[in-house]
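[1] Got a predicted structure here, sequence first:
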Amino acid sequence: MFPSFRKTLLSAAFGVLAITATSTGITASPQIHVDNNSFRCIKEMTKVREFYVDNLIGNLEGTVLVAKAGSGEYPPGSVLQVMPNEVMIKHHKGFSPATNDWEFLWIDNDKNGSTIFTRGAAEVNNRLGLNCFACHVKARPEHDMVCETTNGCDPIPVTREMFHALQNTDPRCAGSENVSAKDQESLRQLGEIVKALTGQQSPEAWGRGMFARHSPPVDSSPTSLRLGVLDG
Ligand code: HEC
């Protein structure tokens, strides 16, 4: 309810901006449009180190440049993902000064595509109620809220192998139903960690499809791992 209220406020704000721009002759940047079709199979995006990037307004080159440099400000339209369900999108200046104009989103995925579960700026939580911004703001300023493993954010107990397994089993990707033994094992380990942290959810529930559109909210999310981190 709150995000949509906020969205209304935002569109109102942008509406005013547009009018001001027209009356003064200044060209305001158009809003970056984001909907369920803005996302795709994570492995079809461009991989830089451990994460994947895209650009919604055709400036992939600019996004890749900053991603490869590992520091600097991402250009508007940039899309960043390391987990198939969590997305950061860079908007034009003025979208949200607090988040450096990043939008945080949780998307649910299945073989037919993505459905936005929640979106917004500093107030956005993942399905566990953990605040995206609270973690990402800890990245040193030159990294523009991007954590990776060395940018100053608190570490999370998700190994490279677990990220790879999540990426390989992104249900939006063709062939993702063929899960390798290695990925199966990584998902099982991820499940064990989550089980230990949350005291619920059987590891068996953590196979392929655990991030499906109709997966139960909250407890079946791998980001429950982060609950432990935050508490610690
Ligand atoms: C408990 C802290 C925490 C929370 C909550 C959190 N993240 Fe992250 N996020 C991280 C860390 C740490 C990494 C780096 C992981 C790695 O590379 O090992 C990361 C990685 C990412 C990346 C890849 C780029 C980067 O910063 O390395 C994206 C995109 C992302 N998170 C989006 C989100 C979104 C969207 C949410 C909320 C829906 C969210 N995160 C919630 C800590 C968090």
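    Yep, it's here. Numbering: from 1, shown residues only.

[2] From now on I want contacts and neighbour counts done on CA atoms only, so please keep to that.
    OK.

[3] quick one: Asn126 from the ligand, how far?
    4 Å (C-alpha to the nearest ligand atom, to the nearest Å).

[4] quick one: contacts for that residue?
    For Asn126, the contacting residues are 86, 105-106, 118, 132, 223, by C-alpha atoms under 8 Å, 6 or more residues apart in numbering.

[5] Give the buried residues for stretch 119-138.
    Under the neighbour-count criterion of 16 or more other C-alpha atoms under 10 Å, stretch 119-138 has 119-128, 130, 132-133, 135-138 buried.

[6] still on that earlier bit, among the contacts of Asn126, name the ones in helices.
    Within the contacts of Asn126, membership in helices is found for Cys132, as judged by DSSP state H.

[7] how many neighbours does Thr150 have?
    Close neighbours of Thr150, defined as other C-alpha atoms under 10 Å, add up to 12.

[8] Next up, phi/psi of it, please.
    The main-chain torsion angles of Thr150 are listed as degrees, to the nearest 10 and equal phi -120, psi 10.

[9] for Ser176, same thing?
    Per-residue torsions, Ser176: phi -70, psi -10 (degrees, to the nearest 10).

[10] near the ligand, which residues of the chain show up?
    For the chain, the residues in contact with the ligand (C-alpha under 6 Å from any ligand atom) are 51, 80-82, 86-88, 104-106, 125-126, 130-132, 135-136, 146-149, 153-156, 226, 230.

[11] For ChimeraX, write a command that selects the buried ones of those residues.
    Command for ChimeraX that selects the buried part of those, burial taken from 16+ other C-alpha under 10 Å:
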select :51,80,81,82,86,87,88,104,105,106,125,126,130,132,135,136,146,147,148,153,154,226
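
[12] for the chain, which spans come out with low pLDDT?
    Regions of the chain meeting the criterion pLDDT under 70 cover residues 1-28, 128, 197-232.

[13] how does it look with 50?
    1-2, 9-26, 201-232 (pLDDT under 50).

[14] domains of it?
    As given by automatic domain parsing, the domain ranges for the chain are 1-31, 35-143, 160-231.

[15] Quick check: what element follows the helix or strand encompassing Thr63 along the chain?
    If you go by DSSP states H and E, Thr63 is part of helix 60-69. Note on helix 60-69: by DSSP H and E, the next helix or strand toward the C-terminus is strand 78-81.

[16] What lies in contact with that next one?
    42, 51-56, 59-60, 63, 87-91.

[17] one step back: filter the residues of the chain next to the ligand down to the ones in strands?
    Secondary structure defined by DSSP state E assigns 51, 80-81, 86-88, 104-106 of the residues of the chain next to the ligand to strands.

[18] Checking Asn109 next. Helix, strand or coil?
    In terms of secondary structure, Asn109 is strand; the call rests on DSSP: H, G, I helix; E, B strand; the rest coil.

[19] can you pull the contacts of the residue sitting nearest the centre point of the chain?
    Taking C-alpha atoms, centre = their mean as the criterion, Val87 is the residue nearest the geometric centre of the chain, at 1.8 Å. When contacts are counted by C-alpha under 8 Å, 6+ apart, Val87 touches 79-81, 104-107.
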